[in-house]
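Participant: any chance you could fold what I've pasted below:
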Amino acid sequence: MADVGLAFLSAFLGVVFNKMASPGIVDFIRRQKSTEELLKKMERSLRSMNMVLEDAEEKEVMNPDVKMWIDDLKDVAYTAEDILDEIATVTLRRQLRADFKPVAGKVQNLISSTYLDPFVYRVEPKIQEVLVTLQDLTTQKDLMGLQLGVGGKQYPERLTTSYVVESDTFGRDEDKKKVIDLLLSSDAGGNEMCVIAIVGMGGIGKTTLAKLVYNESRVQQHFDLKIWFCVSEEFVMPNVEKSIIEAATSLPCPKFENPEQLQVTLKKNLNGKKFLLVLDDVWSEKPIHQEFLSQLLHYGTRGSKILVTTRNESVALAMKAIATHHLKLLPKDDCWSLFEKHAFRDGSSNANPEIKEIGTKIVKKCKGLPLAIKAIGDLLWSESSVERWTNILMSNLWDLSMEGTNILPALRLSYKYLPSYLKRCFAYCSIFPKDYIFKKDQLVLLWMAEGFLMQQSKIEITMEEVGNHYFDNLVSRSLFQQSLETNSGFVMHDLVNDLANFVTGQFGFTRLGGDNSKEIGKMTRYLSYFGGSLDNFKNIKEDLYNAKQLRTFLALDCQAGSKTKMPRAWCLKVLSLSGGRVTKLLDSISQMKHLRYLDFSFTDINRLPNSICILCNLQTLKLSYCRNLDRLPRDMWKLINLRHLEFDQINQLKEMPKKMGRLKCLQTLTKFVISKDDSGSSIGELGKLIHLRGKLLIQKLQNVRSVKDALDANLKDKSYLEELVLEWNPQKALGILESQRDVLQNLRPHENLKSLTIKYYGGKEFPDWILELPSLSKLKLIDCKYCYALLLIDFPILTHMKIIGCDNLQSLEGLRAPKLAFFILNNCESLRSIPGKMHLFLPSLRYLELINCPEVESFPEGGLPSNLKQIVIYRCKKLIANWKGWGLQILPSLEWLDIGGESENVESFPGELLLPTTLTNLKILSFAKLKSLDNEGFRHLTSLVQLVIWDCPKLEYLPEDGFPSSLHYLRMGDCPVLLKDLKSKKGKEWLKVARVREIFINGDHIQGNEWPAYYKSPHEPPYD
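Facilitator: Model (predicted):
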C-alpha cells in the first residue's frame, strides 16, 4: 500500500508549501526577520523530506520503520500547517482591528506590531519544535538509507468532470432472473421462512444485483410496500423500523417516547401488507436479529419477503435464509464489455489495437470484480497514451496482498492516479462510517473549511464551484456513487471506504455508537461520532482531551445526550454538534480562532455570544431549526469571510443585526428579517450582498421604510437567486395598503428566478414584472387578501401554481402555461372563474385542486386537459351543483377523484356526474344530504381499487348490485345510518359489500388484513 500513503503525503506537503507563499504569511514575515528565517528553514527541511518520498514508497512495504517515519512526517506536516494558519489568522485579525479603528488607533497599532510583538514569542518556539522534529526525521532518513529522488510525482487530471452515464449491467441477467423467481415464488408456505440471501465477496456486485431486482417492474407490482435499508456493520433495529414506517407513510418517522410505541406503529404499518424489505450489507450473526426479521414477516401478510445481501455464508445461515444465491465472478466477455463502457469515450475499443491488448491484460488483473473493473476503467477513460496504459498494467500495486487491508489493487491504482488536489478530499471522507449517506453541498463546505479547495485564478469561479468540480470528478471515478435511498445523497462502497480509512490511517477516526474499543491518539486530526446518544460514548471526554490537535469534530446522526461535550482543540476548523443538547455557548468559543465551519442546527440554543464574531475565518454558520434562537450577535458584520448563513425554521428572530451588508462574501442567506428601526438592518443592506444565491426569504416587509429602500435591495441584479419568498406580517394587513404595491414593484427579482412566493401582500394588484420572469417554474400567492384580479399571460416553463387565501380575487385571466403540472386554488371565496381554454393552454396539467371556492360555477369551455391524473373539488357548491357538464368521462388519464362538501343538491352519487372507467381511487366527503350511491354510476368503474366515503350522515343505500369486482379497499366513517349494519356484518347493505377484501369502518379494520399501498396519492405535488 506504499504508493497510496505516499501519494497522499506528497500532495499534503505541496499544500504546506503553497501556504508559505500565501499573502497573509508573506505579510507577517516581511516585518519579522527572525520568524522569516525559521519558516524558510522549516520549508527547506520539508522539501528535503519530499524529495525522498519516492524511495520511501518502495521500502515502506518491507520496512515497518519507514511506515512509522512516514506517519511522523505527516504529523509534523500537519503541525506546520497549523502554525501557518495561526500566523495567517493573527495577521487577518490585526488587519481587521486596524480597519475598525480610527486613524490614530491605526498608527498606534502599526507601531506596536512592528517593534514589539508578543505573538512572535509564542509562535517561534512552536516553529523551533517543528525544526527539532524535522532534524530527528532527517537523521532517521539517513539511517534508513532513503535516497533523493523525484518525489511528489503528479498525474494528469481526467479530461471531464461530468458523471459517467450508468450503462446496462453486464452478465447478471441470469442472476437477476433467479432472485426474482425466488421473490415471486408461491406464497402458500406462510411467512415463517421467507428470508432470501445474496452472498458474494466484496465488490462483486451484490448491491447492484439487489437494485436491479428491487426496481424490476414485476417486483414493484407484486409487493404493496418496498423498503431498502443499508445495514452495514452495526445492525440497529430501531433504525430499520423507522425506515419501514417512513416508506409506508411517505412521511418522516415521528419521535417515540418508548420502544413500545415504535412497535405499535410498525405493526400497524406492516399489518396486512405484502412487503419486500431489502437489507443491504448485513454482517450480524446474532440470533436476536434473526428473531427480529421473523417478527417483521409475521406483521406482514403472506408472501412478504426479506432480501439480505452479505459477504458471509454464515450470515445467511444465521438469518435462516430459505434460499441463498451465490454471486460468482463476472464472466470474461462481460468483464470486457463493462470495461469498454467505462474506459473508452464512445464505449468501444476499436480505435487502437495496442491499447485494446493492454486493456485485456488489465481486465484480467481485476479478477472478475465489477467494482475493480469500473474503477480502473474510469481511471483510463478517454486516455489515449499507450505509455500511461502500460504504466498501469505494470504497476507493482497489482502484486500487493489484500490480506490485512482488504483493499482491491484496482482501487489502490485509482487513488494513486488521482490528481494531487483530490487525494486529501477523498481521504477526508474516512470520517463517514460505512454506508453513511452524505450530501454533496455539505461535503464541499467541509472540504472548503479544511482548506482542500485550490483557489482559482479566475475570479468568477467560486470555491464552492471548485468543490463541485472535485466532487463530480470523484463520482466519475466510481469512488462516490448515488444512494438508492435518496436522490440527493451519495455513498461510498465499503471497499472504497476501507481505502479512505487506510489512506488516512491514525489521523482520522470514526467512533460508532457504543464502540469504545479503540483509543484516539495525539495524531488524530479528524474525529466523528455516529449513531446513538452522545452519552453512550463513555470515552468522549478522554477522546477530546487526547486529540488536542483536532481539526474536525462531527456528531453524525447523534441523539441529544444529557449534555453535549465541547472540544477544546486550538486548531479546530470544523465543529458540528447538530442535534446535540446544546443550550448555551460560552464566550470561550472565540478562542477557536481557526473555525471555518460551525453547525448548531437542531439544538436548543437561544443566543450566540457576541464573541463569536471574532472568528474572522468562519465561512459557514448553520443554525436551522434552533427554534429558541431569537437574535443574532450584534457584531455579525465582522465575520468578513462568512459565505453561508443558514437559519431555516427560526420563527422567533425579530430582526437582522446592523450592517449585514458588510458581509461581502455571503452567498447563502436563507432568511432576512427587516428591522423596524435603527436597531437592526434595513432591507437596503441586501443590495450590498451581490453574491447571494439559492433561496432567500425576506420577512416583515411592512417595516420597509421607503420605496427607495426596497429599490436599494437590488434584487434585480441577483442573478444566482433561485427561490424568493416575499412576506409581510399577516397581523398588519388590516386593509388595502397601496404603499405595499410600490414596495413590491421595487423588489423585482432577476429574470433567472425559478420560484416566487408572495405572502400577506396588502395591495390590490400585482406588479407586471411577475409576467416577465421567463425562468419561473413555481408561483405561490398566499393570503394576498385584497388582490381582485390577476393577469397571468405566458409562463413558458411554469410547472407549479398555488393560490391560497386570496379572498377578493375574482378572476384569473389569460393563463398560458404549457408545462403547468400542478394547479391549486384554495380559499378564494370571491373567485368566479378559472382560466379559460385549459385544454389548450394547460396541456400538461396532471393535478387540479379547488377547495372552498364557492363562486366558481363551471369548468371552462372546451373542458379540462386530457392529461389530468387527479382532481380535488371540495366546498365548491356552485361548481358541484353543475357537475353534469364537467365532462370527466372523456378524460383518458384520470385516476384519482376527491369530491365533497357543502352541497344541498346532492342526494345521489354520482347521479348525472359521469365518471371515467380509468378511475382507481375515489373519495366522497361531507355531502350532508347524500342518501344513496346509484347503481348505474358505479357499474362501469371497472378499474376502481379504493373507495373512501366519509362524513355523509344521511347515507343509507349502496349500489344495488354492489361495487365493481376490482374494488379492493373500502373505507367509511361518520356515516351513522349506514355503518351500524355494516359494522355488524348483517343486512341487505352488508351483502352489497361483503365481497370487498378490505373494509375499514371508522378506522377499524373489520374485514381482511391488508392496508392500502397508498395513503397519499402519487399524483399530488411534493410537500413544500
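Participant: how many residues are close by residue 943?
Facilitator: Other residues near residue 943 come to 15 when the count uses other CB atoms under 10 Å. C-beta coordinates here come from the backbone N, C-alpha and C atoms, glycine included.
Participant: tell me the SS of it?
Facilitator: coil (DSSP: H, G, I helix; E, B strand; the rest coil).
Participant: now the one 4 residues further on
Facilitator: Secondary structure, three-state DSSP: residue 947 is strand.
Participant: that one pairs with what?
Facilitator: residue 922, residue 970 (DSSP bridges).
Participant: just give me the neighbour total for it.
Facilitator: Residue 947 - counted by other CB under 10 Å - has 23 other residues nearby.
Participant: try the one 4 residues further on
Facilitator: Burial of residue 951 is recorded as 17 neighbouring residues (other CB under 10 Å).
Participant: got a list of what residue 996 touches?
Facilitator: The neighbourhood of residue 996, defined by CB atoms under 8 Å, 6 or more residues apart in numbering, consists of 963, 967, 968, 969, 970, 1007.
Participant: report the contact partners of the second one.
Facilitator: I take that to be residue 967. 944, 945, 946, 947, 996.
Participant: again, but for the fifth one
Facilitator: The contact partners of residue 970, by CB under 8 Å, 6+ apart, come to 946, 947, 949, 963, 993, 996, 998, 999, 1000.
Participant: please repeat the previous calculation with a cut-off of 6 Å.
Facilitator: Remark: with contacts taken as CB atoms under 6 Å, 6 or more residues apart in numbering, residue 970 is in contact with 947, 996, 999.
Participant: quick check: pLDDT value at the second one.
Facilitator: Looking back up the chat, that one is residue 996. With respect to pLDDT, residue 996 has a value of 91.
Participant: equivalent analysis for the last one, please.
Facilitator: Model confidence at residue 999, given as pLDDT, is 90.
Participant: from residue 1009, how far out is it?
Facilitator: When CB to CB, to the nearest Å is the yardstick, residue 999 and residue 1009 sit 11 Å from each other.
Participant: one more: the first one?
Facilitator: Note on residue 947: its distance to residue 1009, by CB to CB, is 19 Å.
Participant: just checking, residue 225 touches residue 274?
Facilitator: No - contact criterion CB atoms under 6 Å: residue 225 and residue 274 do not qualify, at 7.5 Å.
Participant: quick one on the thing from earlier: so which of residue 999 and residue 1009 has more stuff around it?
Facilitator: When residue 999 and residue 1009 are compared for neighbours, residue 999 comes out ahead with 21 against 13, by other CB under 10 Å.
Participant: and residue 272, which of the three is it?
Facilitator: Taking three-state DSSP as the rule, one finds residue 272 in the coil state.
Participant: I should have written residue 487 there, sorry.
Facilitator: Following three-state DSSP, we place residue 487 in the coil state.
Participant: how many neighbours does it have?
Facilitator: 7.
Participant: how about residue 911?
Facilitator: Using other CB under 10 Å, residue 911 is surrounded by 17 other residues.
Participant: then residue 635?
Facilitator: 16.
Participant: and residue 139, by the same measure?
Facilitator: Around residue 139 there are 10 other residues, counting by other CB under 10 Å.
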